[in-house]
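Asks: Below are the sequence and a predicted model; questions follow.
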Amino acid sequence: MANSYSQIYLQAVFVVKYRAAVLEKSWRPQVQAVIGNLINEDGCKTIIVNGVEDHMHCFFCLKPVVAVSELMKVVKAKSSKYINDHKLTKEQFEWQPGYGVFSYRQRDIEQIYNYIKNQEAHHQKKSFNDEYLELLKEFEVTYDDQYLFHELM
């Protein structure tokens, strides 16, 4: 009998609608735990979820039968619902449409884990926009500038 084997490591990055800095440090770990549990409930394996006031990073092993698009749809919808149900923000909370997703090798795990773990220190030196553009360029992702950053004017 033939078997199938896989090890698919992904980092997903998504931002608060209009890049609003509303993910408060005091309750952010709750939301990160919710996001990690949502990833695990879909049969994937969360490695780390962390972020700052305007965006989140999720590093996880993808189960091959799970579509990334469906996983991100569930994670973003249910985590938004959690934030709104618990009234963690003053106004209605939403994630910005879309996300970035990037794949890694086994030997990259520790480096990516530490990068995500240290997001606050990282963003004292580099803006989200610069970080995200670097990821897109590093992974040679074609993108349209008009859809990248939806910020409040």
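Replies: Ah, there it is.
Asks: residues near residue 86, how many?
Replies: Residue 86: 13 surrounding residues under other Cβ atoms under 10 Å. C-betas here are computed from N, CA, C, even on glycine.
Asks: Contacts only, for it.
Replies: 27, 30 (Cβ atoms under 8 Å, 6 or more residues apart in numbering).
Asks: Please tell me how far it sits from residue 101.
Replies: 27 Å (Cβ to Cβ, to the nearest Å).
Asks: Helices of this protein, residue ranges please.
Replies: 28-41, 68-85, 109-117, 119-125, 128-138 (DSSP state H).
Asks: The first one packs against which elements?
Replies: The one in question is helix 28-41. strand 45-52, strand 55-62, helix 68-85 (3 or more Cβ pairs under 8 Å, 6 or more residues apart in numbering; DSSP states H and E).
Asks: Mind listing what's buried along it?
Replies: By neighbour count with 16 or more other Cβ atoms under 10 Å, helix 28-41 contains the buried residues 28, 31-32, 34-39.
Asks: In JSON lines: these, plus pLDDT.
Replies: Output for those, formatted as JSON lines (pLDDT from 0 to 100):
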{"residue": "28", "pLDDT": "97"}
{"residue": "31", "pLDDT": "98"}
{"residue": "32", "pLDDT": "98"}
{"residue": "34", "pLDDT": "98"}
{"residue": "35", "pLDDT": "98"}
{"residue": "36", "pLDDT": "98"}
{"residue": "37", "pLDDT": "98"}
{"residue": "38", "pLDDT": "98"}
{"residue": "39", "pLDDT": "98"}
